[in-house]
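take this sequence and fold it.
(2 chains)
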Amino acid sequence: MRHLTVKDIDFLAVGAAVLGSGGGGDPYLGKLMAKAAIMEKGEVQLIDVDEVPDDKLVIPSAMMGAPAVMLEKLPNGSEPEISFRAAASFFGTEVCATMSIEAGGINSCIPVYTAARLKLPLVDCDGMGRAFPEIPMVTFSLGGVEASPMVCCDEKGNKVVIESINNAWVETLSRAVTVAMGLSSMIGLYAMDGKTLKKWAVRGTISLAIEIGKRIVQSNQKKMSPVDSILEVTNGYRLFEGKVTDVQRDLTTGFVRGKALFEGIESYRGSVMRLEFQNENLVAFLDEKPCAMVPDLITILDRETGNPITTEHLKYGQRAVIIGMPCVDIWRSEKGLAQVGPRYFQYDIDYVPVEELMKEQSR
Amino acid sequence: MSYRLGIDVGGTNTDAVILDEQNRVMAKCKRPSSEDISTGITEAVDAVLGESGINPSQIVHAMLGTTHSTNAIVERKGLARAGIIRLGAPSGIAVPPFLDWPDDIIRHIGRHYRIVHGGYEYNGVPIAPVDRDEIRRALEELKDEGITALAVSGVFSPVNSEQEMIVRDIAQEVLGKDVPVSLSSEVGSIGMLERENATILNAANCGFSLRFFSKRTAKSQRDSRSLHYTERRNPDVRGVCAKIPRLYHCFRPDKLAAGRGVSYRNT
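So this is what the prediction gives:
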């Protein structure tokens, strides 16, 4: 067990954007909320998955909606508590902690806010090890954990409880509710006991995000590039270094779909990288050949500062390092790939882990 | 016919230019920048007005680009005590204005804000109806706190600025016409915190602009009252401080974490 300080939250927000794989929403808002809550209510206890008793409940807390709207219409602050308490009221058992379902992006910080406000510990884990666009895309789904009863709450105090036949319906219904709530809601879902959590959680991801963020911030202070140090802690690979020559985005499907083109610099001169994304980065093609693909993490870093660049902040002329990081093993299972593999995102390619693609390349 | 006056104070020269409604250049001139900035501006403005023969009353916008405003922020000098009314309750209570601003700038500007009901959803539906009495009360409280400039930010105001304009009208009654009002809808685009921060800085910087313009009123024999007046009638600080958000690039994010936003997206 350790305590999360205001300083840790600064690191967490930077590291979470690296794990966000280009998406997950800007952690800045979540960071402000988490810091304000810690300043008011005190530091948050971060506990290990093994510290959760088998028979006690954990209810994750998150924010759902369109990232652009989240940046404009800010939360009231009471929503996470309302949705958390409403979700908890379904169960006779004690709720002993909250947690993140998505360590990449803004939902790394929202549970810190909830934990501080409710004076509950935060479990050091999540359900993705990165960011994904849809509610069923968590490891808990693979373990048969139900997302419902799910509670959506808005800034006005409205709350809607969804009890569905499966997690796909939770996604469909909560998406409609969130639209009606003004494209942004706070949610409580995936309540589970300690025993289930121990089996399916992606462990240690909050402290991993903090560690990544710390390395970036500290390297910046020393005017050094943090890229190698990020690769070391994430077992990642440098895929490419280049300059953004084109960015295309299409918003018509409700997601941000698009691609970015990079022209190689220095040792990558003469090569081109095409990065395709749907909210998150999906597949990186080096001279037309895939060199990393979902569910492995692909993140764009500012070449100078190592700060992560999310897809919405990609601009012509930026100089970037593109890195690939292996996802957690559970996503590489047959069931996992069916849920979040390249074919799920309409690519006619079989998943090959980033480390194997890198080996092929060096041959 | 209406015209716009643009002034750019550089390290060496102060340029002034007058454009018509079709953005055609009517007159331009260059004068050496002066130590006190305003002498150089006055000379350049007098010259460009003289050359064009345009009556100052026909100038509906005056835009001043100067590092002076940035310097004021960097050096924390001459900043007004800018209060802010945010239209958005019940949203946004978790993230009030000035959150995460550096203490040393807060010492100059203060932390004077009220969050009142209002703002819009992404589709234009009001989040909550605007309550004029609530706004009036909030402004009276801010007046008692001693604010000398006002910023107004409303949720989704770049899409619909009506509520912000209601606040401006009430503010002129409560605070008087001499207190400059900056509306966020005229300063930036979508992204509440960055737009709001830019608007507060705009308001806090009006002191410099007003000092300059009143000086000019006193000095000039010409009908410069109208210049002064238009500046104020468009407290739409597009008039004077529009460059600040962009100038904000000068700040390193760690210097003004909350102003981080200011350096993006706003133009």
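
make it CA atoms for all contacts and neighbour counts henceforth
Will do.

stretch A:155-170 vs chain B: in contact?
Yes - using Cα under 8 Å from any Cα of the partner chain, stretch A:155-170 reaches chain B at A:155, A:156.

list every C-alpha atom in that stretch, with coordinates, as PDB.
This file holds the C-alpha atoms of stretch A:155-170, laid out as PDB (Å, rounded to 0.1, in the frame of the first residue of the first chain):
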ATOM      1  CA  GLU A 155     -24.100  17.000 -13.700                       C
ATOM      2  CA  LYS A 156     -27.700  17.900 -13.000                       C
ATOM      3  CA  GLY A 157     -28.200  14.900 -10.700                       C
ATOM      4  CA  ASN A 158     -30.100  12.700 -13.100                       C
ATOM      5  CA  LYS A 159     -29.200   9.000 -12.800                       C
ATOM      6  CA  VAL A 160     -30.100   6.100 -14.900                       C
ATOM      7  CA  VAL A 161     -29.600   2.500 -13.900                       C
ATOM      8  CA  ILE A 162     -29.100   0.000 -16.700                       C
ATOM      9  CA  GLU A 163     -29.600  -3.700 -16.200                       C
ATOM     10  CA  SER A 164     -28.900  -5.600 -19.400                       C
ATOM     11  CA  ILE A 165     -28.800  -9.100 -20.700                       C
ATOM     12  CA  ASN A 166     -25.100  -8.700 -21.700                       C
ATOM     13  CA  ASN A 167     -22.300  -6.200 -21.900                       C
ATOM     14  CA  ALA A 168     -22.900  -5.300 -25.500                       C
ATOM     15  CA  TRP A 169     -26.400  -4.100 -24.500                       C
ATOM     16  CA  VAL A 170     -24.800  -2.100 -21.600                       C
END
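
give the buried residues for that stretch.
A:155, A:156, A:159, A:160, A:161, A:162, A:163, A:164, A:167, A:169, A:170 (16 or more other Cα atoms under 10 Å in any protein chain shown).

now tabulate these in CSV and tack on secondary structure.
Putting the buried residues of stretch A:155-170 into CSV (DSSP: H, G, I helix; E, B strand; the rest coil) gives the following:
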residue, secondary structure
A:155, coil
A:156, coil
A:159, strand
A:160, strand
A:161, strand
A:162, strand
A:163, coil
A:164, coil
A:167, helix
A:169, helix
A:170, helix
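
now, the most widely separated pair of these?
A:156 and A:167 (26.2 Å; Cα to Cα).

now do the end-to-end distance for stretch A:311-320.
12 Å (Cα to Cα, to the nearest Å).

what about residue B:61, distance to residue B:167?
In this view, residue B:61 and residue B:167 are 22 Å apart by Cα to Cα.

over to residue A:133?
39 Å.

compare these two and say which is more crowded by neighbours.
For residue A:133 versus residue B:167, the count of surrounding residues by other Cα atoms under 10 Å in any protein chain shown is larger for residue B:167: 25 against 15.

so the more buried one lies in a helix, does it not?
Yes - per three-state DSSP, residue B:167 lies within a helix segment.

wait, what's in contact with it?
Taking Cα atoms under 8 Å, 6 or more residues apart in numbering or on different chains, we find residue B:167 in contact with B:135, B:152.

over to residue A:220?
Applying Cα under 8 Å, 6+ apart, the residues near residue A:220 are A:226, A:305.

read off the pLDDT value for it.
The pLDDT attached to residue A:220 in the predicted structure is 89.

any idea how far it lies from residue A:214?
10 Å.

find the centremost residue of chain A, please.
The residue lying closest to the centre of chain A (Cα atoms, centre = their mean) is residue A:104, at 2.1 Å.

the closest residue to it other than its chain neighbours - how many residues pack around it?
Nearest residue to residue A:104, sequence neighbours excluded (Cα to Cα, 6 or more residues apart in numbering or on different chains): residue A:20, at 3.6 Å. Neighbourhood size, residue A:20 [other Cα under 10 Å]: 35.

just give me the neighbour total for residue A:31.
Around residue A:31 there are 25 residues (other Cα under 10 Å).

around chain B, which positions in chain A sit nearby?
Residues of chain A lying near chain B (Cα under 8 Å from any Cα): A:32-33, A:68-69, A:71-78, A:155-156, A:182-183.

what's in contact with stretch A:192-201?
A:49-50, A:52-59, A:125-127, A:139-140, A:143, A:145.

ok, and what's touching stretch A:27-38?
Outside stretch A:27-38, the residues that touch it by Cα under 8 Å, 6+ apart are A:5-6, A:9-10, A:13-14, A:16-17, A:44, A:71, A:105-110, A:112-113, A:116-117, B:94-95, B:99-100.

so which of those residues belong to strands?
With strands taken from DSSP state E, the overlap with the contacts of stretch A:27-38 comprises residue A:44.

from the contacts of stretch A:27-38, list just the buried residues.
Buried among the contacts of stretch A:27-38 by 16+ other Cα under 10 Å: A:5-6, A:9-10, A:13-14, A:16-17, A:44, A:71, A:105-110, A:112-113, A:116-117, B:94-95, B:99.

can you tell me which of these end up in helices?
Judged by DSSP state H, the buried ones among the contacts of stretch A:27-38 include A:6, A:9, A:10, A:13, A:14, A:16, A:17, A:110, A:112, A:113, A:116, A:117 as members of helices.

ok, the second one to chain B distance?
Read it as residue A:9. As judged by Cα to the nearest Cα, to the nearest Å, residue A:9 and chain B stand 13 Å apart.

follow-up on the earlier one: OK, contacts around the residue nearest to the centre of chain A?
A:16, A:17, A:18, A:19, A:20, A:21, A:23, A:24, A:129, A:130, A:131.

please report the distance of the closest residue to residue A:234 other than its chain neighbours from chain B.
Among residues not flanking residue A:234 along the chain, residue A:325 sits closest, at 6.3 Å (Cα to Cα, 6+ apart). Separation of residue A:325 from chain B (Cα to the nearest Cα): 28 Å.

tally of neighbours for residue A:325?
If we define neighbours as other Cα under 10 Å, then residue A:325 has 27 of them.

near chain A, which residues of the stretch 1-150 of chain B are found?
B:88-95, B:99-100, B:121-123.

and the furthest pair within the residues you listed?
Most distant of these, by Cα to Cα, are B:100 and B:123, 29.5 Å apart.

returning to what we had before: and the contacts of stretch A:192-201, which of them are in strands?
Those of the contacts of stretch A:192-201 lying in strands (DSSP E): A:57, A:58, A:125, A:126.

who are the neighbours in contact with the last one?
Meaning residue A:126. So residue A:126 contacts A:99, A:100, A:101, A:102, A:103, A:201, A:202, A:203, A:205, A:206 (Cα under 8 Å, 6+ apart).

which one of those is nearest residue A:236?
residue A:205 (15.1 Å).

not counting sequence-adjacent ones, nearest residue to the closest one?
residue A:125 (5.0 Å).
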